[in-house]
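S.K.: Predicted structure and sequence below. I'll ask about it afterward.
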Amino acid sequence: MIDATLILFITQIHRLCGCLSQAIQSSWRRSGKTWACLLLPITNLTQFNLQDWEFPYISNDKKNFTKLLKMIRARFDQESKGGQYLLSVALTPIMFIVEKSYQVTAISRYIDFANIMTYDYHTPGTFPYTNYNAPLRANKLDIWYLRYFNVEFSAHYLHSRGLRKDQIIVGIPFYGYLYYLANPQFHGVYSLCNGTQGWWSIIWGVLYF
């Protein structure tokens, strides 16, 4: 038996199941079971985290994402027998993806907490200048849409969309990015860059702490 404190992560579930629509309409659904519930008595799990669905809007599964969580929550409550199985999700902090992918208020009814992916706001491959991986607040130089790329805004925004404050867990990255500077004499925030440099980890341009 696996220890009860183990957390199960289903990564890249859209690749494993094709899409959420197919997952909901699968034989597990028709038989009144879900793969999550079937795993619980086998592994003695106490928590199920739906991780790395990036992102429901790509396969037009915004509503089905909510339906899947509702289905799992109902089965968990039925199987708990007086105990509690925790259900959590990983959500993007990026506003336009949230709007297209999640029914946040509905999701909050079924989950115990949400892991907000508050990292990779800025990378060498997305913007041609240096910036922090996971800035706590907006920089005074952040303008227009870029002022939304920070942890503080993301947490307040998801709360305004329907998550309770006690459901919000922010992610902390233990890694940084290496930038190839256009001019080494300018190496502060918002210095021009041209991609990344260096094999410092198993991922090109990523420096682990």
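M.R.: Perfect, I can see it now.

S.K.: Could I have the CA atoms of the helix or strand in which residue 75 is found written out in CSV?
M.R.: Assigned by DSSP states H and E, residue 75 falls within helix 62-79. What follows is helix 62-79, C-alpha atoms only, in CSV (Å, rounded to 0.1, in the frame of the first residue of the first chain):
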residue,chain,number,x,y,z
LYS,A,62,-14.1,24.7,-20.7
LYS,A,63,-17.5,23.3,-19.5
ASN,A,64,-16.3,19.7,-19.5
PHE,A,65,-13.4,20.6,-17.2
THR,A,66,-15.9,21.7,-14.7
LYS,A,67,-18.1,18.6,-15.3
LEU,A,68,-15.1,16.3,-14.7
LEU,A,69,-14.3,18.0,-11.4
LYS,A,70,-18.0,17.8,-10.4
MET,A,71,-18.1,14.1,-11.2
ILE,A,72,-14.9,13.3,-9.3
ARG,A,73,-16.0,15.4,-6.3
ALA,A,74,-19.3,13.5,-6.2
ARG,A,75,-17.6,10.1,-6.3
PHE,A,76,-15.0,11.2,-3.7
ASP,A,77,-17.8,12.2,-1.3
GLN,A,78,-19.6,8.9,-1.9
GLU,A,79,-16.4,6.9,-1.3
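
S.K.: Phi first, then psi, for the spatially closest residue to residue 159 that is not a sequence neighbour.
M.R.: Of all residues not flanking residue 159 in the chain, residue 165 sits nearest, at 5.8 Å (CB to CB, 6 or more residues apart in numbering). (Glycine included, C-beta is placed from N, CA and C.) Main-chain dihedrals, residue 165, degrees, to the nearest 10: phi -60, psi -40.

S.K.: what do you get for residue 132?
M.R.: phi -80, psi 140.

S.K.: how many neighbours does the residue nearest to it when sequence neighbours are not counted have?
M.R.: Among residues not flanking residue 132 along the chain, residue 122 sits closest, at 6.3 Å (CB to CB, 6+ apart). By other CB atoms under 10 Å, the residues close to residue 122 number 22.

S.K.: Could you pick out the longest strand of the chain?
M.R.: strand 86-91 (DSSP state E).

S.K.: ok, now how distant is residue 192 from residue 71?
M.R.: Going from residue 192 to residue 71 by CB to CB, to the nearest Å gives 49 Å.

S.K.: Now do the contacts for residue 122.
M.R.: Taking CB atoms under 8 Å, 6 or more residues apart in numbering as the contact definition, residue 122 lies against 130, 131, 132, 133, 135, 149, 177.

S.K.: looking at these, which has the most residues close by?
M.R.: residue 149 (24 neighbours).
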